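Peer 1: got a predicted structure here, sequence first:
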Amino acid sequence: MKNKLLVFILILIGAVAGFFILSFHSKSSADNYPVPFSHYVHTTVHKIKCVNCHRGVETRELAGIPNIDYCSMCHSTLINSKSEREKIIYQLVKENKPIQWKVYYQVPDYVFFSHRRHVKLGKLECTDCHVDMTKQDSPDLKGFSQIIMPLCFNCHQRKNITTDCGDCHH
């Protein structure tokens with residue numbers, strides 16, 4: 001009888017713990033972002049080009065992510081006082097607090113990758129490698145998939161570009 005009671009209590013504790021874990025993880029992680037950023041609003045509604053915020057995309061290896069100073073160029077005044085999102089970014093700009101962006105696309109240390117080489121010289125569009133950001137209304141990317149070697153390799157083969165290991169790996 002004691003064993004059955006112990007098993008029942010352990011199952012009950014496990015179920016309660018499972019419920020809390022699942023409810024915590026099922027919440028949108030957008031709640032954890034300081035800025036509920038919308039690529040859709042910036043690129044589609046306001047017609048801002050990717051290169052305006054990701055300024056290194058045509059000139060450097062890294063595309064770059066805008067800092068609070070850059071955001072303040074547009075958000076130093078409250079553009080839409082009815083927008084909760086707008087109030088959040090306005091407050092961060094006012095307090096000059098850095099934004100802790102979530103980085104989705106990260107190049108491993110052993111890979112050399114240049115945005116300039118792919119975008120400026122190779123004439124690739126952002127959507128050739130990244131999910132279509134113009135449709136993203138939340139910091140949680142929908143349809144996101146990590147860029148992995150077979151995708152790069154297949155693209156290089158299709159475009160008749162070198163696939164020598166040493167050109168990308170060091």
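Peer 2: That came through fine. Numbers count the residues shown, from 1 in each chain.
Peer 1: what segments of this structure are helices?
Peer 2: Ranges of helices in the chain, per DSSP state H, are 2-26, 39-40, 50-53, 68-75, 84-95, 115, 149-158, 165-168.
Peer 1: worst mean pLDDT among those?
Peer 2: Lowest mean pLDDT of these: helix 2-26, a mean of 51.
Peer 1: contacts only, for Gly56.
Peer 2: Going by CB atoms under 8 Å, 6 or more residues apart in numbering, Gly56 touches 62-64, 115-116. Where you see a C-beta, it was placed from the backbone N, CA and C, and this is true even at glycine.
Peer 1: quickly note the distance from the residue minimising distance to the centre of the chain to Ile161.
Peer 2: Residue closest to the mean C-alpha point of the chain, counted by CA atoms, centre = their mean, is Tyr104 at 4.1 Å. Going from Tyr104 to Ile161 by CB to CB, to the nearest Å gives 25 Å.
Peer 1: what about the closest residue to Leu124 other than its chain neighbours, how many neighbours?
Peer 2: Leaving aside its chain neighbours, Leu124 sits nearest to His118 (4.9 Å; criterion: CB to CB, 6 or more residues apart in numbering). Number of residues near His118 (other CB atoms under 10 Å) recorded here: 18.
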